[in-house]
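Chemist: fold the following.
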Amino acid sequence: MEMISSITPKIRHHVIYDTSLYVKQYVPKTTFVKTGIMLDLGETDEAVCGK
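Modeler: Next up is the predicted model:
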């Protein structure tokens with residue numbers, strides 16, 4: 001599960017956000033990767049939508 005980068009240290013303190021994205025980028029293209037996004041953890045609409 002992923003969330004916006006500013007929330008990651010508060011919820012997943014043992015995970016580095018950029019490392020998590022890096023791993024997903026380099027998984028072989030023949031491998032299925034399931035991911036999701038968690039909302040309602042204090043993020044703003046602008047942070048989620050990139051506005």
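Chemist: now the helices for the protein?
Modeler: Listed in chain order, the helices of the chain (DSSP state H) span 8-11, 17-25, 45-49.
Chemist: list the buried residues in stretch 40-49.
Modeler: When burial is assessed from 16 or more other C-beta atoms under 10 Å, stretch 40-49 yields the following buried residues: E43. Backbone N, C-alpha and C define where each C-beta goes, glycine included.
Chemist: give me the distance between the two termini of it.
Modeler: In stretch 40-49, first residue to last residue: 13 Å (C-alpha to C-alpha, to the nearest Å).
Chemist: quick one on the thing from earlier: just the helices of the chain: most buried one?
Modeler: Among the helices of the chain, the stretch with the highest mean neighbour count (mean count of other C-beta atoms under 10 Å) is helix 8-11, at a mean of 13.
Chemist: what about it, average pLDDT?
Modeler: Across helix 8-11, the average pLDDT comes to 67.
Chemist: cool, stretch 21-29 as well?
Modeler: The average pLDDT for stretch 21-29 rounds to 75.
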